[in-house]
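>>> quick one: sequence and predicted model below, then my questions.
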Amino acid sequence: MYIDFFGFRDKPFRLTPEPSAFFCSAPHDRAMTMLEYGINSRKGFMLLYGLPGTGRTTLCFLLRETLVNCNVSYVARVPDSDLLQKICNGFGIEAVHSSTENEYFGAMMDYFVGEYKKGKNNLIIIDDADEYSIDSFRTLEKLSEVEIEQCKLVQVLLVGTQELCTKLMYGNVKNLSERVLSVTELNLLGLSDTANYLQHRIKHAKGTDPEVLKRTAVVEIFRYSHGLPLEVNLVADKAFQAAADAKDKKVGPKHVREAIKHISGIRQPLKVFTVAQYLTPFLIFLVLILGGLQIKSFFDMKFIEEQYAVNKPVAETPEPVKPVEQPVIEESFPESAVEEETVQEPVAVPEPAPVAEIPAVEKKPEPVTAAPVMETKYGCITARSGLKLRNRPVTDSTVVGVAAYNSRVPLFERDGDWWRSEINGTEGYLYAQYVAETNQDGNCE
């Protein structure tokens, strides 16, 4: 195995969900933020969909571990007849397997009301929901009617593929599809997120060389996987094994191509420089043809202009009119008159009056009043995946930083559900649900 060859503590690229190695990419950060907002706002029914392998199950596991004051019942794919029993088991509710549907709902209602009085929320996560029947969705539809004081007692998160959206829209569960108030799509990774994801996985496994994966190899992995995390893990795992078999300390594009060939067994697409070898002569030939046509057009226009100049009729030019000679009359003027007209006396220009100087007025400095000193509060981050620092107190604003779990941050001002804070010299807003206030000398344990 390549683990010992590269000095890894553990296998860096696994194909099973691994919340401890979760990488918060841009698509995952947006999905996590939308889900946390929907759960804390008690939206009722929510929907998370994406391609298989995008990290949907990992995101569900992370929600189960990081939500505060919220009971979570995670249900994987089970038979439709066991759905209500698995939900009860996830909450720790004792229910007999042979119980009726009304008995299951009665036990859950008592549990939800008791937890609501304690100030806790309840969340049901149905993974692979697109594989359940329409009757199961009609059963879950009854949970949307459970509320106290216009507040939902339980939130339901349906997780699946695009087929789940189609089933809700065209599966005769109109009431449930109308109650889904939050729909989030988990998109693929971009090239930059793919590179950061691979480096995160390598560092998590504590490899001896963080630059063991070449940038050209990252591009090859992205071209094949298109940013699907499952495919990224699969190709990277095979590429590291190919490099270890060849005794190479660096994983390059040749190892990635060998891994892809081993996985798919198909011929790789034509390389860019190979295509250019056939495309360049064709472009040169096309330029020569266009240039020849342009030159031919130029000479054709010149020939037409010459023919037009030869055949153009010559117009008769009239004879020039001779000017009439006028007699020159000489006039004599006395020299004294000429001197009187040309000689002028100089005109005296008055000198400008002196301008009186205005004495400068000295400005007295205004007294400076000292700004009131405000006592800074501090808080501890309780979100295990870290808490995003945003430039505005809304969930869809830009992320400008991340506060680590159990880190102590200053709290300047409270704005509704948000704290204005500062991380590494950058000011922004933190969601107050995951910040525990403490004094200046207090430590976060």
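Structure received.

>>> ok, now which ones touch the closest residue to residue 398 other than its chain neighbours?
Take residue 398 and drop its neighbours on the chain: the residue closest to it by C-beta to C-beta, 6 or more residues apart in numbering is residue 391, 4.9 Å away. (C-beta placed from N, C-alpha, C; glycine too.) Going by C-beta atoms under 8 Å, 6 or more residues apart in numbering, residue 391 touches 397-398, 400, 428-429.

>>> okay, strands next: where are they in the stretch 151-300 of the chain?
Along the stretch 151-300 of the chain, counting by DSSP state E, counting those that start in this stretch, strands occupy 151-152, 155-160, 180-186.

>>> nearest to residue 126, out of these?
Among these, the nearest to residue 126 by C-beta to C-beta is strand 155-160 (5.3 Å).

>>> quick one: residue 388 from residue 378, how far?
Applying C-beta to C-beta, to the nearest Å, the value for residue 388 to residue 378 is 19 Å.

>>> I meant residue 106, not that one.
Distance from residue 106 to residue 378, counting by C-beta to C-beta: 46 Å.

>>> of these two, which one has the most company?
The neighbour comparison of residue 106 against residue 378 (other C-beta atoms under 10 Å) goes to residue 378, with 19 against 13.

>>> in the sheet, who's paired with the more buried one?
Beta-bridge pairing of residue 378 under DSSP bridges involves residue 410, residue 438.

>>> list the buried ones in stretch 244-262?
Residues of stretch 244-262 classed as buried by neighbour count (16 or more other C-beta atoms under 10 Å): 244, 251-260.

>>> now do the contacts for the residue nearest to residue 225 when sequence neighbours are not counted.
Distances taken as C-beta to C-beta, 6+ apart place residue 231 nearest to residue 225, at 3.6 Å, with adjacent residues excluded. The neighbourhood of residue 231, defined by C-beta under 8 Å, 6+ apart, consists of 53, 224-225.

>>> for residue 162, state which of those residues is nearest.
For those, the nearest to residue 162 is residue 53 (13.7 Å; C-beta to C-beta).

>>> quickly find the element holding that closest one.
Assigned by DSSP states H and E, residue 53 belongs to neither a helix nor a strand.

>>> mind checking how far it is from residue 232?
9 Å.

>>> have a look at those two and say which one is more surrounded.
Ranked by neighbour count (other C-beta under 10 Å), residue 53 and residue 232 place residue 232 first, with 25 against 17.

>>> what's the spacing between the closest residue to that one other than its chain neighbours and residue 235?
Here the nearest residue to residue 232 in space, its sequence neighbours aside, is residue 225; by C-beta to C-beta, 6+ apart that works out to 4.7 Å. Relative to residue 235, residue 225 is positioned 6 Å away (C-beta to C-beta).

>>> same question for residue 101.
Taken as C-beta to C-beta, the span from residue 101 to residue 235 is 46 Å.

>>> which one of these two has more residues nearby?
Legend: neighbour count by other C-beta under 10 Å for residue 101 and residue 235, higher for residue 235 (27 against 10).

>>> okay but residue 34 is in contact with residue 186, surely?
No - applying C-beta atoms under 8 Å as the test, residue 34 and residue 186 come out as separate, 10.3 Å apart.

>>> residues contacting the closest residue to residue 75 other than its chain neighbours?
Of all residues not flanking residue 75 in the chain, residue 86 sits nearest, at 4.7 Å (C-beta to C-beta, 6+ apart). Going by C-beta under 8 Å, 6+ apart, residue 86 touches 73, 75, 78.

>>> what's the distance between residue 86 and residue 225?
33 Å.

>>> now, the contacts of residue 391 that are in helices?
Judged by DSSP state H, helices contain none of the contacts of residue 391.

>>> from the residues you listed, which land in strands?
Residues of the contacts of residue 391 located in strands (DSSP state E): 400, 428-429.

>>> wait, residue 422 touches residue 409, no?
Yes - here residue 422 reaches residue 409: they are 7.3 Å apart, a contact under C-beta under 8 Å.

>>> point out where the stretch 1-150 of the chain drops to low pLDDT.
Applying pLDDT under 70 to the stretch 1-150 of the chain flags residues 96-98, 149-150.

>>> can you rerun that using 90?
Scanning the stretch 1-150 of the chain for pLDDT under 90 picks out 1-24, 35-47, 63-69, 76-78, 80-85, 93-110, 112-113, 115-119, 129-150.

>>> swap in the stretch 151-300 of the chain?
For the stretch 151-300 of the chain (pLDDT under 90), the answer is 151-155, 162-185, 202-211, 249, 262-288, 290-300.

>>> change it to 70
In the stretch 151-300 of the chain (pLDDT under 70), the answer is 170-178, 208, 210, 265-278.

>>> tell me where the chain has helices.
2-6, 26-40, 56-66, 83-91, 101-117, 134-141, 162-170, 174-179, 191-204, 215-225, 229-245, 253-264, 272-311, 335-342.

>>> residue 404 is nearest to which of these?
Of all the helices of the chain, helix 56-66 sits nearest to residue 404, with 13.1 Å by C-beta to C-beta.

>>> report the buried residues of that closest one.
56-64, 66.

>>> cool, and stretch 102-112?
104-105, 107-108, 111-112.

>>> how far out from the middle of the chain is that stretch?
41 Å (C-alpha atoms, centre = their mean, to the nearest Å).
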